[in-house]
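Asker: Coordinates for the following, if possible.
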Amino acid sequence: MDEPDRWRHMRSAPKDGTRILITIHPSEQGPAAVDLAYWSNGDLHGGEGWRAADSSPGCIVQYAEPELKCWMPLPTAAFGRPAMPAPWQGKDAPELDGSGI
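Answerer: From the prediction side, this is the model:
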């Protein structure tokens, strides 16, 4: 990944359990937000899909595909860098590594 600090389309997100940052679309529940998530192939605690990394058995936070706007690899630690990037606020499609979903 040549440019780790840029947002990318969800269709290119790794589905191998790697933890990534995601931007969640704004909704009635609140503004756009960033969360740490991973793809789960499903297990006895829930079905296949994107889960918040802090989910635990009996309390799984699972995101539906339409809730997620884009993803980014976890940034490397660097002094002076904010802990989390701001959510993607730009227009969809061209700015996010290709055509729209």
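Asker: ranges for the strands of this structure?
Answerer: 8-9, 20-24, 33-40, 49-52, 62-63, 68-73 (DSSP state E).
Asker: Show me the contact partners of the fourth one.
Answerer: Think strand 49-52. Contacting residues not belonging to strand 49-52 are listed as 22, 35-40, 42, 60-65, 68 [Cβ atoms under 8 Å, 6 or more residues apart in numbering]. (Glycine included, C-beta is placed from N, CA and C.)
Asker: Can you give the distance from it to the centre of its chain?
Answerer: 9 Å (Cα atoms, centre = their mean, to the nearest Å).
Asker: Go ahead and build a PyMOL selection from the buried members of the contacts of strand 49-52.
Answerer: Filtering these down to the buried ones (16 or more other Cβ atoms under 10 Å) takes a single PyMOL command:
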select buried, resi 22+35+37+38+39+40+62+63+68
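Asker: Closest one to residue 53 out of the contacts of strand 49-52, please.
Answerer: residue 36 (4.1 Å; Cβ to Cβ).
Asker: residue contacts, the residue nearest to the spatial centre of the chain?
Answerer: In the chain, the centroid-proximal residue (Cα atoms, centre = their mean) is residue 22; its distance is 1.7 Å. Applying Cβ under 8 Å, 6+ apart to residue 22 gives the contacts 10, 13, 34-37, 50, 63, 68-72.
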